[in-house]
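Novice: Here is my input; please provide its structure:
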Amino acid sequence: MIYILFVIFIVIASLLMIGIVLIQESKGGGLASNFSSSNAIMGVRKTTDFVEKATWGLAASLVVFSIICAHLAPVSSTETSVMEKAATETQTTNPNTTPGFGASQQAPATNGAAQAPAQQAPAQPAN
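Specialist: You can find the predicted model right below:
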């Protein structure tokens, strides 16, 4: 349950990061060029500091949330894989053709005599 909570935090922080990056002023002006004139008229020049601090804060929070999620990730309690379990329970797939699912464990069927591959006779030159 707490793992899902941190995944939600990661999604929210990444969406906020997208918004903050789009607001930032790039070399070409960006979306922030529309807001710069109102800051110059009022004399407030602190928006770039806030945007920069918000970007770094969100980036740091994404790293921290990702590390926490890596430690809280659910771990399998059994040794068998989910695909192998589904293949053997439902029998919808042939376990002999599925790679790694017991194909090497089955003994080959023999009918008492070893069968050698057929060999072709060499072609005779025409006279």
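
Novice: What ranges in this structure fall below the confidence cut-off?
Specialist: Where the chain drops to pLDDT under 70, the residues are 26-47, 87, 90-123, 126-127.

Novice: Scan it for its longest helix.
Specialist: The longest helix of the chain (DSSP state H) is helix 47-72.

Novice: which other helices and strands contact that helix?
Specialist: helix 2-23 (3 or more C-beta pairs under 8 Å, 6 or more residues apart in numbering; DSSP states H and E). C-betas here are computed from N, CA, C, even on glycine.

Novice: Buried residues of the helix it packs on, list them for me.
Specialist: Residues of helix 2-23 classed as buried under the neighbour-count rule (16 or more other C-beta atoms under 10 Å) are 6, 9-10, 13, 16-17, 20-21, 23.

Novice: I'd like those as JSON lines, with distance to residue 57 appended.
Specialist: JSON lines is the format used below for the buried residues of helix 2-23 (distance: C-beta to C-beta, whole Å):
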{"residue": "6", "distance to residue 57": "17"}
{"residue": "9", "distance to residue 57": "13"}
{"residue": "10", "distance to residue 57": "14"}
{"residue": "13", "distance to residue 57": "9"}
{"residue": "16", "distance to residue 57": "10"}
{"residue": "17", "distance to residue 57": "10"}
{"residue": "20", "distance to residue 57": "9"}
{"residue": "21", "distance to residue 57": "13"}
{"residue": "23", "distance to residue 57": "14"}
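
Novice: Pick out whichever of these sits closest to residue 67.
Specialist: residue 6 (9.8 Å; C-beta to C-beta).

Novice: The closest one is in contact with residue 69, isn't it?
Specialist: Yes: proximity of residue 6 to residue 69 meets the contact threshold set by C-beta atoms under 8 Å, at 4.9 Å.

Novice: Number of residues surrounding residue 78?
Specialist: Residues near residue 78, counting by other C-beta atoms under 10 Å, number 7.
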